[in-house]
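Visitor: The sequence and its predicted three-dimensional model are supplied below.
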Amino acid sequence: MVSESSPQILVSNPFPAKKQNDMASTDQERWQRVKNRLRSELGEDVFTSWFARMELDGVEKGAVRLSVPTRFLRNWIQSHYSEKVLSNWQAEDSSITRLELSVRSATMRPVAIKPRAAETAVPAREPHEALLNGADARANGGVPFMSMHEALGGSPLDPRLSFDSFIVGRSNTLAHAAARQVAASRRGDQLMFNPLYIHAGVGLGKTHLLQAITWTGNGSDRKVLYLTAERFMYGFVSALRSQTTLAFKEAVRAIDVLIIDDLQFLQGRSTQAEFCHTLNALIDAGRQVVIASDRPPADLESLDDRVRSRLAGGLVVEIGSLGEELRLEILKSRIAAACIHHPGFEVPTSVLAFIAKSVTHNGRDLEGAVNRLLAHNKLTGQPVTLEMAEREMRDLIRPAEPKRVRIEDIQRVVARQYNVSRADLLSSRRTANVVRPRQVAMYLAKILTLRSLPEIGRRFGGRDHTTVLHAVRKIETLAGNDSALADEIETLKRLLQD
């Protein structure tokens, strides 16, 4: 709430343009002194971000007319710096009583408002502008949760993805409990898991948990922001282009709970650097960070070592594949939800059992299976039968995916097989009983994982990629001439893939 004594600003069309040589030279001199004061008080970075493109259009009848090129700049200045600008003008001319701030390209009718009044509406804007303006709009208790989340620049939310609709099973119990704990925390509470990092394959519930945390933020005393990595990148790049990166940083770091989905898609050196700084700033300030990705932090090769280290320092939780019992419960839940809108929709127990046993890939395939049953039932008027389900689900019944092998698993299995320690494999020791197992482990890492040679070298004690390449070629040659070694390697493969 702004006090009655607060200055008023007139947001309007630009007044008829006046060239600087038409304006009183004393006004321009005063404006220059005002700008110098603002630069001195606020610092060069803040001044450059917000006032470098502000122009003086005129001074008359106790009003200073200023203009900026964008609505975003106008809104931000009127929300955060109006009193400071006015007080600096009054130090130059005590007859000044108000500011008239306009957008040079605007076509709006004059509307007299007090500072911050424009924040009650959330006009369409670039992602970084929404994020910045929304930080203050959040304070308006009358704005619905979704409006506030959109005002904060958040990515779209699905109202179905709540904790109530999340089906808990053996593979996701820990992730669900950790997400619940984070969602239940309040400002000032000691954070148990920070950052909370959830990783899993496609369609196993990562996004569901992240959005459930966001929905639980409705009505809490914390500002909760859900962003995809793509949205974060777009907002940062937009801020770079519009020269408002300082405001972008301030706005993101004012969030109480920052939730980032699909971190594996975060690209670009400058964007990753900004994410690293944001991550450190939020955690150091006691703010909660929740992140989801399709792989553990150590496997995010494109990210800086510092980011991977910071992520690994929190709670890292994997959601495993869906077991048959959990798939059956998910199917029952989805069908019950469909029955709310389609009361006559019935699925026999035998059909549910068939789908739970056969459609094993992920939860989205299960959702698709239910949608197919519903479409068949409603569009043809025919009941759901096992024969129909077998016919409709053929393309959803996929061969089981091979087990994803990690470099850590390879190192552990090879070390046990050759009676050495994992530390030996990562060390600089060059004795024969260590060199051969190390080369075998590097070879297996190359053929069983998608990791690059530089990444494999880094995971084996920081070795160069040429060392890994030499090891791979060496083992390939030896295995081709030594049947005993070839058998050992096949045994190791089976141990790793079973």
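Guide: Good, I have the coordinates.

Visitor: which residues sit in contact with Thr349?
Guide: Going by CB atoms under 8 Å, 6 or more residues apart in numbering, Thr349 touches no other residue. For every residue, glycine as well, the C-beta is placed using N, CA and C.

Visitor: Oh, that last question was meant for Leu311, not what I typed.
Guide: Going by CB under 8 Å, 6+ apart, Leu311 touches Pro195, Tyr197, Leu279, Ile291, Pro297, Leu300.

Visitor: Show the pLDDT at it.
Guide: On pLDDT, Leu311 comes in at 88.

Visitor: Next secondary structure element downstream of whichever strand or helix holds it?
Guide: Secondary structure assignment for Leu311, by DSSP states H and E: helix 305-312. Moving toward the C-terminus from helix 305-312, the next helix or strand (DSSP H and E) is strand 315-318.

Visitor: now for that next one, which elements pack on it?
Guide: On a contact count with 3 or more CB pairs under 8 Å, 6 or more residues apart in numbering; DSSP states H and E, strand 315-318 meets helix 173-184, strand 196-199.

Visitor: Note down every partner strand of it and its orientation.
Guide: Sheet pairing for strand 315-318, assigned by DSSP bridges, gives strand 196-199 (parallel).

Visitor: Could I get the full set of strands for the stretch 1-150 of the chain?
Guide: Using DSSP state E, counting those that start in this stretch, the strands of the stretch 1-150 of the chain run over 9-11, 55-60, 63-68, 98-103, 111-113.

Visitor: Report the mean per-residue pLDDT for the strand or helix carrying Ile447.
Guide: In this assignment (DSSP H and E), Ile447 forms part of helix 432-448. Averaged across helix 432-448, pLDDT comes to 91.

Visitor: which other residues reach that helix?
Guide: So helix 432-448 is contacted by 405, 407, 410-411, 414-415, 417-418, 420, 424-425, 427, 429, 451, 453, 456, 459-460, 467-468, 471-472, 474-476, 488-489, 492-493, 496-497 (CB under 8 Å, 6+ apart).

Visitor: quick one: it to chain centroid distance?
Guide: Between the centre of helix 432-448 and the centre of its host chain there is 37 Å, according to CA atoms, centre = their mean, to the nearest Å.

Visitor: C-terminal to that helix, what's the next element?
Guide: helix 453-459.

Visitor: in that following helix, what counts as buried?
Guide: Of the residues in helix 453-459, Leu453, Glu455, Ile456, Gly457, Arg458, Arg459 count as buried by neighbour count, 16 or more other CB atoms under 10 Å.

Visitor: I'd like those residues laid out as a markdown table, including distance to Val103.
Guide: Below are these laid out as a markdown table (distance: CB to CB, whole Å):
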| residue | distance to Val103 |
| --- | --- |
| Leu453 | 54 |
| Glu455 | 49 |
| Ile456 | 55 |
| Gly457 | 55 |
| Arg458 | 51 |
| Arg459 | 54 |
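
Visitor: Contacts only, for the nearest residue to Ser427 once chain neighbours are set aside.
Guide: Leaving aside its chain neighbours, Ser427 sits nearest to Gly461 (6.4 Å; criterion: CB to CB, 6 or more residues apart in numbering). Contacts here follow CB under 8 Å, 6+ apart; on that basis Gly461 touches Leu425, Leu426, Ser427, Ser428.

Visitor: doesn't Val413 make contact with the first one?
Guide: The reference is to Leu425. No: taking contacts as CB atoms under 8 Å, Leu425 lies outside contact range of Val413: 11.0 Å.

Visitor: Which one of those two is surrounded by more residues?
Guide: Leu425 (24 against 18; other CB atoms under 10 Å).

Visitor: How about the more buried one, nearest residue that isn't a chain neighbour?
Guide: Arg438 (5.0 Å).

Visitor: Any figure for the gap between that neighbour and Gln497?
Guide: Arg438 is 21 Å from Gln497, where distance means CB to CB, to the nearest Å.

Visitor: Between the two, which has more neighbouring residues?
Guide: Neighbours per residue (other CB under 10 Å) separate Arg438 from Gln497, with Arg438 holding more: 25 against 12.

Visitor: Please report how far the more buried one lies from Val420.
Guide: For Arg438 relative to Val420 (CB to CB), the value is 9 Å.

Visitor: what does Ser321 give?
Guide: Distance of Ser321 to Val420, given as CB to CB: 32 Å.

Visitor: Now do the domain split for the chain, please.
Guide: 9-120, 127-318, 324-396, 407-497 (automatic domain parsing).

Visitor: Name the helix or strand of the chain that has the lowest mean pLDDT.
Guide: strand 111-113 (a mean of 32; mean pLDDT, DSSP states H and E).

Visitor: hmm, back to that, show me which of Ser321 and Val420 is the more surrounded one.
Guide: Remark: of Ser321 and Val420, Val420 carries more neighbours, 20 against 16, as counted by other CB under 10 Å.

Visitor: residue contacts, the more buried one?
Guide: Asn433, Val434, Pro437.

Visitor: Tell me the one of those nearest Gly203?
Guide: Pro437 (37.3 Å; CB to CB).

Visitor: give me the number of residues near the closest one?
Guide: Neighbour tally, Pro437, other CB under 10 Å: 19.

Visitor: Distance-wise, check it relative to Pro454.
Guide: Pro437 is 21 Å from Pro454, by CB to CB.

Visitor: For the most centrally placed residue in the chain, which non-adjacent residue is spatially closest?
Guide: Nearest residue to the geometric centre of the chain (CA atoms, centre = their mean): Ile260, 2.1 Å. Residue nearest to Ile260 in three dimensions, not counting chain neighbours: Ile291, with 4.9 Å by CB to CB, 6+ apart.

Visitor: That neighbour belongs to a helix, doesn't it?
Guide: No: with DSSP: H, G, I helix; E, B strand; the rest coil as the criterion, Ile291 is located in strand rather than a helix.

Visitor: What score does Lys474 have for pLDDT?
Guide: pLDDT, read off for Lys474, is 91.

Visitor: element containing it, please.
Guide: Assigned by DSSP H and E, Lys474 belongs to helix 465-481.

Visitor: Run the chain-centre distance for that helix.
Guide: Mean-position distance between helix 465-481 and its chain equals 40 Å (CA atoms, centre = their mean).

Visitor: separation between Cys276 and Leu282?
Guide: Note on Cys276: its distance to Leu282, by CB to CB, is 11 Å.

Visitor: What segments of the stretch 201-350 of the chain are strands?
Guide: Using DSSP E, counting those that start in this stretch, strands in the stretch 201-350 of the chain cover 224-228, 257-261, 288-293, 315-318.

Visitor: Can you give me the distance of the residue nearest to Leu425 to Glu455?
Guide: Applying CB to CB to Arg438 and Glu455 gives a distance of 16 Å.

Visitor: pLDDT weak spots in this structure?
Guide: Along the chain, segments meeting pLDDT under 70 span 1-25, 45, 49, 72, 105-153, 218-220, 398-403, 498.

Visitor: Next, count neighbours for Trp31.
Guide: Counted with other CB under 10 Å, Trp31 comes out at 21.

Visitor: meant to ask about Val290, not that
Guide: Neighbourhood size, Val290 [other CB under 10 Å]: 27.

Visitor: my read: it touches Ala183, true?
Guide: No: between Val290 and Ala183 there is no contact under CB under 8 Å: 9.2 Å.

Visitor: Pairing partners for the nearest residue to Arg295 once chain neighbours are set aside in the sheet, please.
Guide: Nearest non-adjacent residue to Arg295, counting by CB to CB, 6+ apart: His199, 5.7 Å away. Judged by DSSP bridges, the bridge partners of His199 are Ser293, Glu318.
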